[in-house]
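> sequence first, then the predicted structure, then my questions.
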Amino acid sequence: MATPDGPDSNPGFDTSQPTIARVYDALLGGKDNFAADREGAALYLKYVPDAGRCAIENREALVKGVHYLVREAGIDQFLDIGSGLPTQKNTHEAAQEINPNARVAYVDNDPIVLAHGRALLATNNSTIVVTADLREPQGILNNEEIKTHLDFSRPMALMIVGIHMHFHDDEKPDEWVRTIMDRLAPGSYLFITDFVDTGEPLQKGMERAGLESLGNGWIRTPERIEQHFLGMPLVPPGLDFLARWFPEDPDGDVPATEDLEPYQRILMAGLAKKA
């Protein structure tokens, strides 16, 4: 898809304001973004010069998590909420390169994701894209396309990757996730990445960039992020910085936290399993 610079070139979308999916796309070096989104990405780069590398690490963590879920946990269906635009390898590619029959339902509230995704996935019968919002979890659960595509009587993975930071705690986003997890079968997984607050200046810079560009993007302590998992046990190595998080090899050698670059101490990842 071309990258137009104004609303008149794509009247189906409001391109005058940045969106999460398109700013993330711009940080990843994608082409499905507009001038307002590139301005938003520039704000991230102003406060966090390696923001693009953070976005790439987040996508790499997604792939690590999906590979674990397919290869080690035997998961073959994924409900990916806030999926964004498929600039880099995305959930369906990571899953289907191991299990071609893995089924993926992408959910995003940005209509450009639906348009782009459906065009890209026109020949992929194992993957769908729907427009819906995590703020209305019942609407996701009642969506007929999702209910037809995924088997809720069997375990699946709920992907909330790089999304929690865009909701303030006052909105109670954990309760939206709980509503969905309550409907999933035992043996299902919850996969989350989030901005972390361990007191470092660059973490505050990431929060400031998000608040100035998108009006959201809050950082949270590791203890608060663990609460996102609703009390479910975490898969080893637990919650950790992305560069140290390898669920397929939790006992392998990883860099010490103090040896990470500052930008590598902005995001954490974790996986939890429903009993």
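Yep, it's here.
> and stretch 213-233, how far out from the chain middle?
Distance, stretch centre to chain centre, for stretch 213-233: 13 Å (C-alpha atoms, centre = their mean, to the nearest Å).
> got the confidence number for Ala132?
The per-residue pLDDT reported for Ala132 equals 94.
> ok, it to Ala119 distance?
With distances taken as C-beta to C-beta, to the nearest Å, Ala132 is found 19 Å from Ala119. Every residue, glycine included, has its C-beta placed from N, CA and C.
> more neighbours: these two, which one.
Ala132 (21 against 10; other C-beta atoms under 10 Å).
> state the phi and psi torsions of the more buried one.
Here is the backbone geometry of Ala132 (degrees, to the nearest 10): phi -160, psi 180.
> also the one 10 residues further on?
Listed backbone geometry of Asn142 is phi -90, psi 0, with angles given as degrees, to the nearest 10.
> count of residues packed around it?
Counted with other C-beta under 10 Å, Asn142 comes out at 11.
> repeat for Glu258
As a burial measure, Glu258 scores 6 neighbours (other C-beta under 10 Å).
> with Gly215 instead?
Neighbour count for Gly215, taken as other C-beta under 10 Å: 10.
> distance of the closest residue to Lys273 other than its chain neighbours from Arg53?
Nearest residue to Lys273, sequence neighbours excluded (C-beta to C-beta, 6 or more residues apart in numbering): Tyr189, at 5.4 Å. Distance of Tyr189 to Arg53, computed by C-beta to C-beta: 27 Å.
> next one: Phe246
Relative to Arg53, Phe246 is positioned 18 Å away (criterion: C-beta to C-beta).
> neighbour count for the two, which is higher?
Higher neighbour count among Phe246 and Arg53: Phe246, with 19 against 15, using other C-beta under 10 Å.
> checking the more buried one next. Helix, strand or coil?
Assigned with DSSP: H, G, I helix; E, B strand; the rest coil, Phe246 falls in the coil class.
> quick check: chain neighbours aside, which residue is closest to it?
Once flanking residues are discounted, Phe246 sits nearest to Gly252: 5.8 Å by C-beta to C-beta, 6+ apart.
> do the same with Pro173
Phe167 (4.0 Å).
> for that neighbour, what are its contacts?
Contacts for Phe167 were tallied using C-beta atoms under 8 Å, 6 or more residues apart in numbering; they are Leu134, Arg135, Pro173, Asn216.
> nearest to Glu39 among these?
When those are compared for distance to Glu39 (C-beta to C-beta), Asn216 wins out at 16.2 Å.
> quick check: chain neighbours aside, which residue is closest to that closest one?
Among residues not flanking Asn216 along the chain, His166 sits closest, at 4.6 Å (C-beta to C-beta, 6+ apart).
> just the pLDDT for the one you found.
Listed pLDDT for His166 reads 95.
> if I pick it, what's in contact with it?
So His166 contacts Ile20, Gly82, Gly210, Leu214, Asn216, Gly217 (C-beta under 8 Å, 6+ apart).
> mind redoing it with 10 Å?
Listed by C-beta atoms under 10 Å, 6 or more residues apart in numbering, the contact set of His166 reads Ile20, Gly82, Leu134, Pro173, Asp194, Phe195, Gly210, Leu214, Gly215, Asn216, Gly217, Trp218.
> got a ChimeraX select line for the buried ones in the residues you listed?
Listed next is the ChimeraX selection for buried residues among the contacts of His166, using 16 or more other C-beta atoms under 10 Å:
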select :20,82,134,173,194,195,210,214,217,218
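> about what we covered before: surely the residue nearest to Phe246 is in a strand?
No - under the criterion used here (three-state DSSP), Gly252 is coil, not part of a strand.
> does it touch Pro237 like I think?
Yes - Gly252 sits in contact with Pro237 when judged by C-beta atoms under 10 Å, with a separation of 9.2 Å.
> can you tell me how far the residue nearest to Asn216 is from Leu214?
Applying C-beta to C-beta, the value for His166 to Leu214 is 7 Å.
> can I get the contacts of His166 in a markdown table including distance to Asn58?
Formatted as a markdown table, those follow (distance: C-beta to C-beta, whole Å):
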| residue | distance to Asn58 |
| --- | --- |
| Ile20 | 12 |
| Gly82 | 12 |
| Leu134 | 17 |
| Pro173 | 18 |
| Asp194 | 10 |
| Phe195 | 10 |
| Gly210 | 13 |
| Leu214 | 16 |
| Gly215 | 20 |
| Asn216 | 16 |
| Gly217 | 13 |
| Trp218 | 16 |
